[in-house]
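Undergrad: could you work out the structure for the sequence below:
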Amino acid sequence: MRRSSLTLRLTLIFGVMFAVLLLALGAFIARAVEQHFEEGDVHELHGKLELVRRVFAEVRSEADLAHVPQRLDAALVGHHSLSIAVVQHDGEVVFVSSGAGFPAGLIDREPAYGPRGYPPGLVWEDGARIYRAIVAAAESGMAGAAPARVVVSMDIAHHRDFMRGFTRSLWAAIAVAITLTGLLGWLAARGGLAPLRRMAEVARRISAQRLDDRIDTRNLPVELEALADEFNGMMARLEDAFRRLSDFSADIAHELRTPISNLMMETQVALTRARSAEAYREVLHSNLEEFERLARMISDMLFLAKADRGLLPRPAEAVALENEAAALAEFYEALAEDRGVRLAVTGAATVTGDRLMLRRALSNLVSNALRHTPARGRVDVTIGAVGDGVEVAVRNTGEPIPPDEMPRLFERFHRADRARARHGDGDGAGLGLAITRSIVEAHGGRIEVACADGVTTFRIRLPQVKGSADAPVDNGPAVAAGAVQSRGAGIATRTE
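TA: You can find the predicted model right below:
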């Protein structure tokens, strides 16, 4: 059964259940018919017994007793299967039906009566014949006369023959019904499981080159509709994941090819002729920059791989976000001044997490905003409580992100503008926003992006710090309360 088909299992289960039901019904019908015959026989025997009792009740003298056989013979005309025997109390036989052969044990039996005062039916066999009889007493009308014993019997051989034939026909019909039921059950089960075979056929056709097949759910049974929907959803996720993996592999090859090609070209040029130690030092320095770029890219890829597998550290230290943002504002001060961009930090909030990871996420957003903000633009970092969590918003002015690029901003190696010059800040390969999203999700938060009225806003939502508000904060140098003007007109930081 463990290796049999589901169709066979359903057929066997349905067939066995139906067979048990039919057999029980057949036994009930056979017993009901047999009981009907028995009740009919006993009823007829009781009718003849009442006739004999009426005849005996009219006996007033010996002369009347002498006419009893004649009257009983007349009463049995047309009842060939009935036999009557009447025996006096002293054993004298008053009447015996012609051709009847009553066994002595039956004639000598004392009268017996059932719960309702009726004599019970008795069954005995005499060779090939079978009888049903009752034994009862009959009172005569003579004064002082003892009751006579009356035996009324019926040949029920024809009933037995009928029951044998009926039983054979009934069991034969049940056997045929069970066979047909098994066949029809097999056809029904096979037809009912046809949608599963179609689903298996769709699954069989799926390959790396064919992930767009879906199960048609329009005519599926309700029980399989949920399975088909889940299967189609799984295939959609697999197709998207496979596409992302293919793009990821192509992007990795593309991103690694450029620095490796640069290294090979510079090394080949350096080897074309003998050079001075200073020239070789310049080549090595240039190669070192490419190696550092490769190392950052590989480190970022390993970070994302750990994030995918849920292996990022989960420390529970309290992190003051305003301190981290202020430190980043000071770090990017020179870049903001060089681009003519004003960078401002406002608000304060504390969350639980890893300080270095959260600083990295904020750094990616701030550097990304600075890189895409034109001269005389503005980058604002606001921190505050929203509902039961904390929100960090990084806003920058400039050209909005195209709507078709918005869903893919956080994908790996994706850059909305591939023509932009690369920067040595770790985001040139298009991994910065992907890393930011992984860090935020590892802290139980989420990140969103929106563009409106020439302003692009990245919002990070994080849970608030657990425990009391006085929890110790290890966040590096504190920032004084109130407005603080940093060196250079391009940056302003303020905590609230």
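Undergrad: C-alpha only now, for contacts and for neighbours.
TA: Fine.
Undergrad: what pLDDT does I383 get?
TA: For I383, the model assigns a pLDDT of 95.
Undergrad: which residues touch it?
TA: 321-322, 345-349, 390-393 (CA atoms under 8 Å, 6 or more residues apart in numbering).
Undergrad: tabulate these (a markdown table), appending pLDDT, distance to E278 and secondary structure.
TA: Shown next, in a markdown table, are the contacts of I383 (pLDDT from 0 to 100; distance: CA to CA, whole Å; DSSP: H, G, I helix; E, B strand; the rest coil):
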| residue | pLDDT | distance to E278 | secondary structure |
| --- | --- | --- | --- |
| L321 | 93 | 46 | helix |
| E322 | 94 | 46 | helix |
| V345 | 94 | 45 | strand |
| T346 | 94 | 49 | strand |
| G347 | 94 | 51 | strand |
| A348 | 93 | 51 | coil |
| A349 | 93 | 52 | coil |
| V390 | 94 | 53 | strand |
| E391 | 94 | 52 | strand |
| V392 | 96 | 48 | strand |
| A393 | 95 | 48 | strand |
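Undergrad: from these, which two are the most distant?
TA: Spatial extent of the contacts of I383 (CA to CA) is set by the pair V345 and V390 at 15.2 Å.
Undergrad: okay, the two: which has more neighbours?
TA: Neighbours were counted for V345 and for V390 using other CA atoms under 10 Å; V345 has more, 26 against 22.
Undergrad: go ahead and confirm that one touches R378.
TA: No. If you go by CA atoms under 8 Å, V345 and R378 don't touch, sitting 11.2 Å apart.
Undergrad: any idea how far A208 is from the spatially closest residue to L170 that is not a sequence neighbour?
TA: For L170, ignoring the flanking residues on the chain, the nearest one in space by CA to CA, 6 or more residues apart in numbering is G26 at 6.8 Å. G26 sits 59 Å away from A208, going by CA to CA, to the nearest Å.
Undergrad: neighbour-wise, which of these two wins?
TA: More crowded of G26 and A208, by other CA under 10 Å: G26, with 17 against 9.
Undergrad: surely the more buried one touches S169?
TA: No. Using CA under 8 Å as the test, G26 is too far from S169 to be in contact (10.5 Å).
Undergrad: so how far is V68 from E62?
TA: For E62, the distance to V68 (CA to CA) stands at 10 Å.
Undergrad: okay, P477: pLDDT?
TA: 39.
Undergrad: kindly report the same for L335.
TA: Taking L335 on its own, its pLDDT is 90.
Undergrad: where does it fall, secondary structure wise?
TA: Per DSSP states H and E: L335 is located in helix 333-339.
Undergrad: next one: T382
TA: T382 belongs to strand 378-386, assigned by DSSP H and E.
Undergrad: which of the residues in that strand are buried?
TA: 378-385 (16 or more other CA atoms under 10 Å).
Undergrad: check the offset of that strand from the chain's centre.
TA: Mean C-alpha position of strand 378-386 versus that of the full chain (CA atoms, centre = their mean, to the nearest Å) differs by 45 Å.
Undergrad: sorry, back to before: tabulate the buried residues of strand 378-386 (TSV), appending distance to V86.
TA: Listed next are those as TSV, based on distance: CA to CA, whole Å:
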residue	distance to V86
R378	130
V379	127
D380	125
V381	123
T382	121
I383	119
G384	116
A385	113
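Undergrad: let me know the closest of these to L122.
TA: Nearest to L122 among those is A385, at 97.8 Å by CA to CA.
Undergrad: in the chain, where's the longest helix?
TA: helix 6-57 (DSSP state H).
Undergrad: any idea how far the helix or strand containing I174 is from the chain center?
TA: Using DSSP H and E, I174 sits within helix 157-192. Counting by CA atoms, centre = their mean, helix 157-192 is centred 38 Å from the centre of its parent chain.
Undergrad: and after it, which helix or strand comes next?
TA: Counting by DSSP H and E, what follows helix 157-192 is helix 194-205.
Undergrad: now the angle from that following helix to helix 157-192?
TA: Using axes from the mean of the first three to the mean of the last three CA atoms, to 10 degrees, the inter-axis angle of helix 194-205 relative to helix 157-192 is 30 degrees.
Undergrad: what is the subsequent helix or strand relative to helix 194-205?
TA: helix 222-271.
Undergrad: low pLDDT regions in the protein?
TA: 1-4, 99-108, 110, 112-121, 126-128, 414-429, 465-496 (pLDDT under 70).
Undergrad: show me where the stretch 301-450 of the chain has strands.
TA: Counting by DSSP state E, counting those that start in this stretch, the stretch 301-450 of the chain has strands at residues 317-320, 342-347, 350-353, 378-386, 389-397, 446-452.
Undergrad: take these and lay them out in CSV including distance to A136.
TA: Below are the strands of the stretch 301-450 of the chain laid out as CSV (distance: least, CA to CA, whole Å):
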stretch, distance to A136
strand 317-320, 105
strand 342-347, 113
strand 350-353, 102
strand 378-386, 102
strand 389-397, 99
strand 446-452, 99
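Undergrad: pop the domain breakdown of the protein in here.
TA: Domain ranges of the chain: 6-165, 222-308, 317-495, per automatic domain parsing.
Undergrad: which of these is buried the deepest?
TA: Greatest average neighbour count among the domains of the chain goes to domain 317-495 (a mean of 18), per mean count of other CA atoms under 10 Å.
Undergrad: gap between that domain and the chain center?
TA: With CA atoms, centre = their mean, you get 43 Å for domain 317-495.
Undergrad: next: stretch 254-271.
TA: 55 Å.
Undergrad: now M17: how far from A148?
TA: In terms of CA to CA, M17 sits 56 Å off from A148.
Undergrad: equivalent analysis for S367, please.
TA: For S367 relative to A148 (CA to CA), the value is 126 Å.
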